[in-house]
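S.K.: A predicted structure for the sequence below; I have some questions about it.
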2 protein chains.
Amino acid sequence: MRDVARLAGVSEATVSLALAGSERISDATRRRVTEIARQVGYRPHAGARSLRTDSTRAIGLIVSDVANPFFAELAGHIERTAAAEGYSVVLCNSDEDPQRQDGYLSSLLAGSRVDGVLLVPAEAMTPGIRAAGAAEANLVLLDRPIAVRGRGAAATWLRGCPVVRASAGEALTEVAALLAGLGHRRIGIIAPPLSTPVGRERRDLLVDALLAHGIEPGDITVLPGDFRQHSGERATERLLGQAEPPTALFAGDGLMAIGAMKALRRAGLRVPTDVSLIAFDDAPWFDLFDPPLTAVAQPVAELAESAVRAMLGLLRGESPAGATPTCHLVRRGSCAPPAAIPQPTSTAH
Amino acid sequence: MRDVARLAGVSEATVSLALAGSERISDATRRRVTEIARQVGYRPHAGARSLRTDSTRAIGLIVSDVANPFFAELAGHIERTAAAEGYSVVLCNSDEDPQRQDGYLSSLLAGSRVDGVLLVPAEAMTPGIRAAGAAEANLVLLDRPIAVRGRGAAATWLRGCPVVRASAGEALTEVAALLAGLGHRRIGIIAPPLSTPVGRERRDLLVDALLAHGIEPGDITVLPGDFRQHSGERATERLLGQAEPPTALFAGDGLMAIGAMKALRRAGLRVPTDVSLIAFDDAPWFDLFDPPLTAVAQPVAELAESAVRAMLGLLRGESPAGATPTCHLVRRGSCAPPAAIPQPTSTAH
DNA sequence: AACGGTTGGTTAATCGTTTGAACATGGTCA
DNA sequence: TGACCATGTTCAAACGATTAACCAACCGTT
């Protein structure tokens, strides 16, 4: 900056003002300064700027795992949207671990490393989230809401904090209709962790829809997973080990669906002949699977855009507004009527 | 910081020293300060610290697209390794666009937003890379080398800059052996952009290995893609449109392989009965494909770790050392002998 | 009693930017 | 002629941390 000032024959203040496009600088000077700055490749020191203005033009993104295709796509869209607005994105993997999440939250927020955080919360509520609320940090909840209890200042703040997530209700109703229509009666649900509101919600939505279609409560088995492939495999194995195994499986997440499919295959079961499978979360390559995987697709691009938009709103001091675009069911080949003789022992309790 | 100092009854300097674990502070004071800092949740202001120390404890990561499963996995590992060393990661999607890449490079590096950049270069050489070289920035080339011409200061610097990538030679030789052994004679290669060294290299490696197995040069068709699914589809369509279409396809990237598979399916061709397919890049779900996709797996975790390690080395001022772990072939079901009658016209030129 | 050494802490300068307030300069008007 | 304005630029004070240089108190020696 000093160099630019010297070369342009003006003070550093003028350089700053000129590059900021201030009205107070004459057009001639502005042009001259801008040109010289370009030539010498001057870029303001981000740290100095953030120290002075208390804004970093960076936002944090805490997801459980970018390797998860859903979050990968989400992160991609978020980065692009943010970049278009001049913001950089600091990426963090919480690994669904509340401790790691809180660590990131505090180092990003309390250390003024970013102006705000887009958070996919690992758990309903953690000390870190509460602290962020108490500090009135710029927080946007992504993909999952959190349970805000109490009525301290932090709680009220968190209650007002924007939540951007997909509404799965319609799609899950459709899932229930599809499965029930096909004749399935015993359904296995591999849910996200039930400690998270999103886990409970996805389960409740689907279970209710299933019940509405005349499925017996006792015929629905819900097993919690943890958003990872392995948990999908294990849950499927347990489901298959039941006295009367389900004829249709719903996996609450793409990775767990992949795990389920692997477990089914290992067990020598054919999809959809022996058991039907539906995934929550879609991927561009699910139609290459054997069989093509029927899935509930989340509106990823909209989620990403809304999240960034909500964050920018917060940063501008506007009143926070969340968003809830809707999921839709993508019917492919992994659902069929249940096999005719899947009941070894007709244990009608 | 002021608060901590006041509460602990010491100067701000002492707080700084104490938290930095300096020898010059007594154990008692250190403990007292640390405890108070923890209680009030004090975190040093990242900007101020970076202004003073000229180090951000952040590194940039520029990939073409995090939604690409390979880069997603890579990014995940990189972030975790970096976090374990106390570094944050700023994520950028270049979209394979040299302009965007250079923009990121300059805003990250010239703006002192990060201490160094892990770059997956979009093109052989760009002004931005040259500028980074001239500024002796901390740059680690990831996945792809670049062609350094000339012998200016920037060029020499860039020549010394660590390159972390997988060595594909062995695996590609194996690919050639597999294909040739199966009896394939006409091979289609959907390569990465040939404007990139990695594109040329992957092609050359495979082509040479193919030739070594007695395949005729004229029977090898190389079509460049752009690492995106769509380009895989288009290239496949063109390959299939040839007078004598290849009986085996090699896609230079996971996404392009997915595109190829879709195009094959659309064309009514069965894999591997009608045409065999091998992908470069593996994914945990490739074995769920129909058929399970044979692929060359890159040692992603090693790449990520080596890259971060190389960067930390650079930052410590050590002599830069790259790394080159090896790929390996994962044989699954997408390769078979060519169909018996795949030659409509026996045009033995 | 004076002196050098150690221990544990403080002072003050500095990093690069932004920005409200002060300041030239030249023009307009009374 | 001077008072007053408008315009364009500069001054200087922050922002929050780090760290070289300095200092006070104490201890053991001679």
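M.R.: Arrived safely, thanks for sending. Numbers count the residues shown, from 1 in each chain, chains lettered A, B, ... in the order given.
S.K.: Right, and DNA strand C sits closest to which residue of the stretch 51-200 of chain A?
M.R.: Closest approach of the stretch 51-200 of chain A to DNA strand C (Cβ to the nearest atom of the strand) occurs at A:Arg52, with a separation of 3.6 Å. Glycine gets a C-beta too; all of them are placed from N, C-alpha and C.
S.K.: where's that residue relative to B:Gly116, distance?
M.R.: Using Cβ to Cβ, to the nearest Å, we find A:Arg52 at a distance of 24 Å from B:Gly116.
S.K.: Looking at those two, which is more packed in?
M.R.: Each of A:Arg52 and B:Gly116 has its neighbours counted (other Cβ atoms under 10 Å in any protein chain shown); B:Gly116 has more, 22 against 13.
S.K.: For that one, what are phi and psi?
M.R.: For B:Gly116, the backbone dihedrals are phi -170, psi 170 (criterion: degrees, to the nearest 10).
S.K.: Would you check how far apart it and B:Gln99 are?
M.R.: Look at B:Gly116 and B:Gln99: by Cβ to Cβ, they are 22 Å apart.
S.K.: Can you tell me the element the residue of the stretch 51-200 of chain A closest to DNA strand C falls in?
M.R.: helix A:46-53 (DSSP states H and E).
S.K.: Now do whichever helix or strand comes after that helix: distance to the chain's middle.
M.R.: As assigned by DSSP H and E, the chain's next helix or strand after helix A:46-53 is strand A:58-63. Relative to the centre of its chain, strand A:58-63 is centred 12 Å away, using Cα atoms, centre = their mean, to the nearest Å.
S.K.: tell me the contacts of the residue minimising distance to the centre of chain A?
M.R.: Taking Cα atoms, centre = their mean as the criterion, A:Asp143 is the residue nearest the geometric centre of chain A, at 4.0 Å. Each residue near A:Asp143 by Cβ atoms under 8 Å, 6 or more residues apart in numbering or on different chains is listed here: A:Leu74, A:Val120, A:Val164, A:Arg165, A:Ala166, A:Val198, A:Leu303.
S.K.: can you pull out the helices in the stretch 1-150 of chain A?
M.R.: Listed in chain order, the helices found in the stretch 1-150 of chain A under DSSP state H, counting those that start in this stretch are A:2-8, A:12-19, A:27-40, A:46-53, A:69-84, A:98-109, A:127-134.
S.K.: Tabulate the ones you listed (JSON lines), appending distance to DNA strand D and mean pLDDT.
M.R.: As requested, the helices of the stretch 1-150 of chain A are exported to JSON lines (distance: least, Cβ to the nearest atom of the strand, whole Å; pLDDT from 0 to 100):
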{"stretch": "helix A:2-8", "distance to DNA strand D": "7", "mean pLDDT": "94"}
{"stretch": "helix A:12-19", "distance to DNA strand D": "3", "mean pLDDT": "96"}
{"stretch": "helix A:27-40", "distance to DNA strand D": "4", "mean pLDDT": "95"}
{"stretch": "helix A:46-53", "distance to DNA strand D": "4", "mean pLDDT": "97"}
{"stretch": "helix A:69-84", "distance to DNA strand D": "24", "mean pLDDT": "98"}
{"stretch": "helix A:98-109", "distance to DNA strand D": "13", "mean pLDDT": "97"}
{"stretch": "helix A:127-134", "distance to DNA strand D": "16", "mean pLDDT": "95"}
